[in-house]
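**Student:** structure of the sequence below:
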Amino acid sequence: MSIMRIITCDRVCPVYVGYPIEKTGEKLRGKRYGKKVLLLSDSNVYPLYGDRLARSLSSEGKEVFNMTLPAGEKTKNFENLIRIVEWCAEKKMGRDDTLITLGGGMVSDIGGFASSIYMRGINFVCAPTSLLSQVDASIGGKTAVNLPCGKNLAGSFYQPSLVMIDLKTISTLPAREFSQGVAEIIKYGVIRSSAIFRMMEKGGPLRNEEIKYLVGESIRIKKYCVERDEKERKGLREILNFGHTLGHAVEISGFPSFSHGESVAAGMVGETYLSFRLGICDRITYERIKNAVASWNLPYSLKNMNIEKALTFLQYDKKVRQGKIRFVMPRKISSVKRGVTLTVGDAWKILREIC
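**Tutor:** I've put the predicted structure just below:
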């Protein structure tokens, strides 16, 4: 087991990597996390780990309430956010009580948002079970729900009190779910670590010790960015958005039913092509990133995508400034340029070359 601490202006969040789910209750002992715990999970994850986590909490004297949401990104909406907050109120949870999320990024996003607004903030603990949530969604304090016109458009910055990562949960992931996390790890390699990228461009499978290394290094990169730019006001944290600007547009436009990780993979290839055509990176860098994505059977070709339709959603992107979209573009592996602005029209003129 390893421990990292993410230190922000008002909180220190310990991140335990390699900590068994069944021992989570030991870390919530005493008055710090209150008497009552809302255990929020989804219909895929709770049957696998929910009872184990609930018993661990109950053994430490906690009164545990379970709430299971339907699995899938469509669940991350205001209707379910209100359900969670009202459930907390019905159970008479106080400001010293705790909401703990068990699952992937959808659960931690909506659960963290609910934690931030119920009584203006209660304890929030993450137990991420997917590779994507372990390396990205559970770390950094971004919480949100989706709107019909865009992803994560309503939310808050709210750091967890504690993150507990059980690496054994990765072994139960379907291949497609595992690949979502792979896309995020490739992103970390492109923006800051040539060592990570070299491992990922070889393709899979990964040994257990390699997974542990990649999870730990990914968290360290995100920790570096979050501690220096928690609320994305200085520009540094913006590098974590590589692949996500175009990727979110692909995902929200609904074709061809890409998951978040698959959309980010396509977004990374598209944004690197923009970088190449603008002269920010060379063709070799573009080809390496495209081939790394392809080696994991992630989407790398934009030919069958209606990118023109996807780009219409970019006008709602949180990074739009004065009608222009801000992109993060690779210079080379482990180095990116942030704040590259294009209009939707200019982006389409370039991207249609490979569509």
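**Student:** helices along the protein, start to end?
**Tutor:** 51-58, 78-90, 105-117, 131-132, 175-192, 194-201, 208-228, 244-253, 260-277, 283-295, 307-311, 344-351 (DSSP state H).
**Student:** and Leu236, which of those is closest to it?
**Tutor:** Among these, the nearest to Leu236 by Cβ to Cβ is helix 208-228 (5.3 Å). (Glycine included, C-beta is placed from N, CA and C.)
**Student:** how far away from the center of its chain is the closest one?
**Tutor:** 13 Å (Cα atoms, centre = their mean, to the nearest Å).
**Student:** try stretch 21-29
**Tutor:** Counting by Cα atoms, centre = their mean, stretch 21-29 is centred 24 Å from the centre of its parent chain.
**Student:** for stretch 102-121, same thing?
**Tutor:** 13 Å.
**Student:** alpha carbons only: can I get it in PDB?
**Tutor:** The C-alpha trace of stretch 102-121 is given here as PDB (Å, rounded to 0.1, in the frame of the first residue of the first chain):
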ATOM      1  CA  LEU A 102     -18.400   3.300  -4.500                       C
ATOM      2  CA  GLY A 103     -18.000   2.900  -8.300                       C
ATOM      3  CA  GLY A 104     -16.700   4.800 -11.300                       C
ATOM      4  CA  GLY A 105     -16.600   8.400 -12.400                       C
ATOM      5  CA  MET A 106     -20.400   8.900 -12.700                       C
ATOM      6  CA  VAL A 107     -20.900   8.000  -9.100                       C
ATOM      7  CA  SER A 108     -18.100  10.100  -7.800                       C
ATOM      8  CA  ASP A 109     -19.100  13.100  -9.900                       C
ATOM      9  CA  ILE A 110     -22.700  13.200  -8.800                       C
ATOM     10  CA  GLY A 111     -22.000  12.100  -5.200                       C
ATOM     11  CA  GLY A 112     -19.300  14.700  -4.800                       C
ATOM     12  CA  PHE A 113     -21.700  17.400  -6.100                       C
ATOM     13  CA  ALA A 114     -24.400  16.300  -3.700                       C
ATOM     14  CA  SER A 115     -21.900  16.300  -0.800                       C
ATOM     15  CA  SER A 116     -20.900  19.900  -1.700                       C
ATOM     16  CA  ILE A 117     -24.400  21.300  -1.600                       C
ATOM     17  CA  TYR A 118     -26.100  19.300   1.100                       C
ATOM     18  CA  MET A 119     -26.000  21.600   4.200                       C
ATOM     19  CA  ARG A 120     -23.300  23.500   2.200                       C
ATOM     20  CA  GLY A 121     -20.900  20.600   2.600                       C
END
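**Student:** how about that stretch: buried residues?
**Tutor:** 102-118 (16 or more other Cβ atoms under 10 Å).
**Student:** likewise for stretch 340-348?
**Tutor:** By neighbour count on 16+ other Cβ under 10 Å, the buried set for stretch 340-348 is Val340, Leu342, Val344, Ala347, Trp348.
**Student:** measure the fourth one to Gly150 for me?
**Tutor:** Think Ala347. To Gly150, Ala347 is 16 Å away according to Cβ to Cβ, to the nearest Å.
**Student:** quick check: beta-bridge partners of the closest residue to Arg83 other than its chain neighbours?
**Tutor:** What sits nearest to Arg83 in space, not counting adjacent residues and going by Cβ to Cβ, 6 or more residues apart in numbering, is Met67, at 7.8 Å. Note on Met67: beta-bridge partners Leu40, judged by DSSP bridges.
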